[in-house]
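**Student:** I would like to see how this sequence folds:
(one chain, ligands or ions: 1)
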Amino acid sequence: LVLAYVDVRSGLVDERLTADRLHRFADRAPAAAVAAVRRHAPWLISGGDSDYEWIRPVVQAGLRTSADAASKGMIAQAAGELAASLVARGRFDVAGDYALALSGQVLADFLGVDRRDAARLLAWGDDLITFFNDVEISVPASERMARSAAALVDFALHRLTATGARSGDGFLALAARAAADRDLGLAEESVGMITLPFLTGTLGVAHLVVNTVWLLLTHADQRARLTEDPSLISGAVGEALRLIPPVALVPRVALERVALGGAIVESGETVYLSLAAANRDPARFSHPGVFDITRPQAGALAFGYGAHSCIGAGLARMQTAIAVEALLRRAPDLALDPEGEVTWSTIPGLQTPQKLDVRAGHRTPQ
Ligand code: HEM
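**Tutor:** Numbering: from 1, shown residues only. The predicted structure follows:
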């Protein structure tokens, strides 16, 4: 486990440490877990590092319209409607009722599929996130992840082969066309490699929304500053990313013997780079435990660093800012529900409340 900022950052760019989560999976995992992945989604463990050469540009092509004005308008409208209905209810869970529900709608719209498919997309995403953010490879989690990855690919392939589906400008259609330009057919592997990060990333946005709201609800002074100056919303999201990055740990598998942070990582061993600890390193950020939405956040590592840093970072910040702003605008009196609960994820690499019960008044939107 690597904690110091300088060590985490050098680990992220060290080419002797592969970013492939499933590198030599068959050597590291229990036999039954390997068998489960082979049974449901064998393409997951047959890929290699060369995948990254095409995944990045193809995913990027898929995101081409995601941050344009029409997309922003669509997210703002969905967020506003959902927030208004929850505020009218009075009590709700920011995680399940708001952030996840909104991410589900946005995911369906971006993929270019029916919003009624959102619930199963989110359930598959949850299985993927649970597996990829754990530090132990368990048989049941591997089996669920592989089944869900297979179901996701099946779903995406069906949508892509439907009449006209490839001519739209949803993520799937754009990515499929970019893949075809590189002579990559619609094989399970290529469709899987592009839809998996999109799905887990969209769930990451939901986690970031919850973390930002939680921090604002528990820091009255910072919330008052944001109310006074709404342009600080991007600072609030950036500070939430620094203080509680949803992806807390990034795994790397050593391709050879590597010295890092005063320790030796043997070839084939997994090392966890803690983005959460790096972002609170006092050698890099002054008063690192303080939530301050006006502080300079440059250098924070919530989206990784270097060649494998997050492609969806801009989109994630944008969506989160819209979602948090929409909720706080419709519920200026939003507060933790004294009769409700806040329960945090117990998966080691995932920092987010799974439940964040709040209460709000019945004011009408402005
Ligand atoms: C708040 C939301 C998100 C968080 C916290 C997050 C976090 C991260 C982190 C930490 C990495 C680096 C992984 C590593 O170094 O091994 C990463 C990579 C990546 N992210 Fe995100 N992400 C988010 C949203 C998204 C979205 C919306 C997308 C949309 C497609 C996305 C796509 C990707 C891809 C494709 C990579 C892999 C890049 C590569 O390996 O070359 N992410 N993300």
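**Student:** switch to C-alpha atoms for all contacts and neighbour counts from now on
**Tutor:** Noted.
**Student:** List the contacts of the residue in the stretch 1-150 of the chain that the ligand sits nearest to.
**Tutor:** Per C-alpha to the nearest ligand atom, A19 is where the stretch 1-150 of the chain lies closest to the ligand, at 4.9 Å. A19 is in contact with D49, P251, R252, V253, H308, counting by C-alpha atoms under 8 Å, 6 or more residues apart in numbering.
**Student:** Identify, from the residues you listed, the entry nearest to the ligand.
**Tutor:** Using C-alpha to the nearest ligand atom, those come closest to the ligand at H308, 3.6 Å.
**Student:** now A302, nearest residue through space, not along the chain?
**Tutor:** P245 (5.2 Å; C-alpha to C-alpha, 6 or more residues apart in numbering).
**Student:** close enough to count as contact, the one you found and L275?
**Tutor:** Yes. Between P245 and L275 there is a contact under C-alpha atoms under 8 Å: 7.2 Å.
**Student:** list the residues that contact both of those two?
**Tutor:** With C-alpha under 8 Å, 6+ apart, P245 and L275 have common neighbours A302.
**Student:** In stretch 46-66, which residues are buried?
**Tutor:** Judged by neighbour count using 16 or more other C-alpha atoms under 10 Å, the buried positions of stretch 46-66 are 47, 52, 54-56, 58-63, 65-66.
**Student:** contacting residues around that stretch?
**Tutor:** Taking C-alpha under 8 Å, 6+ apart as the rule, stretch 46-66 contacts 18-20, 23, 71-72, 110, 169-176, 178-179, 193-194, 198, 311-312, 315.
**Student:** Inside strands: which ones of the residues you listed?
**Tutor:** T18 (DSSP state E).
**Student:** and the longest helix along the chain, is it in reach of the ligand?
**Tutor:** Looking across the chain with DSSP state H, the single longest helix is helix 188-217. Yes. Using C-alpha under 6 Å from any ligand atom, helix 188-217 reaches the ligand at P197, F198, G201, T202, G204, V205, L208.
**Student:** for the residues you listed, which one is nearest I233?
**Tutor:** L208 (13.0 Å; C-alpha to C-alpha).
**Student:** If you rank every helix and strand of this structure by mean pLDDT, what lands last?
**Tutor:** Lowest by mean pLDDT, DSSP states H and E among the helices and strands of the chain is helix 51-62, with a mean of 81.
**Student:** just to revisit the earlier point, which ones are touching the residue nearest to A302?
**Tutor:** Per C-alpha under 8 Å, 6+ apart, neighbours of P245: L208, L275, A276, A302, Q351.
**Student:** Kindly reformat those as CSV and extend each row with pLDDT.
**Tutor:** Below are the contacts of P245 laid out as CSV (pLDDT from 0 to 100):
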residue, pLDDT
L208, 98
L275, 98
A276, 98
A302, 98
Q351, 98
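**Student:** Check those and tell me the two furthest apart.
**Tutor:** L208 and L275, at 14.5 Å, using C-alpha to C-alpha across the contacts of P245.
**Student:** circling back to that earlier point, highest neighbour count among the residues of helix 188-217 next to the ligand?
**Tutor:** The most crowded member of these, judged by other C-alpha atoms under 10 Å, is L208 (31 neighbours).
**Student:** Get me the contact residues on this structure for the ligand.
**Tutor:** 19, 52, 56, 197-198, 201-202, 204-205, 208, 246-247, 250, 302-304, 308-313, 315-316.
**Student:** returning to what we had before: for the residue nearest to A302, which phi and psi angles does the backbone take?
**Tutor:** phi -60, psi 130 (degrees, to the nearest 10).
**Student:** Show me the contact partners of stretch 102-112.
**Tutor:** 66, 75, 78-79, 82, 114-115, 117-119, 121-122, 168-173, 199, 202-203, 205-206.
**Student:** quick one: it to chain centroid distance?
**Tutor:** Distance, stretch centre to chain centre, for stretch 102-112: 14 Å (C-alpha atoms, centre = their mean, to the nearest Å).
**Student:** Can you tell me the element the residue lying closest to L215 once chain neighbours are set aside falls in?
**Tutor:** Of all residues not flanking L215 in the chain, A240 sits nearest, at 7.1 Å (C-alpha to C-alpha, 6+ apart). Per DSSP states H and E: A240 is located in helix 233-243.
**Student:** Now tell me what touches that helix from outside.
**Tutor:** Contacts for helix 233-243 (C-alpha under 8 Å, 6+ apart): 208, 211-212, 215, 226, 276, 279-280, 288-289, 291-295, 297, 300-302, 317, 320-321, 325.
**Student:** tell me the mean pLDDT over it?
**Tutor:** What helix 233-243 shows for mean pLDDT is 98.
**Student:** In contact with E256: list those residues for me.
**Tutor:** Per C-alpha under 8 Å, 6+ apart, neighbours of E256: R16, L17, E266, S267, G268.
**Student:** same check, this time on K355
**Tutor:** Shown in contact with K355 (C-alpha under 8 Å, 6+ apart): D93, V94, A95, G96, E341, V342, T343, W344.
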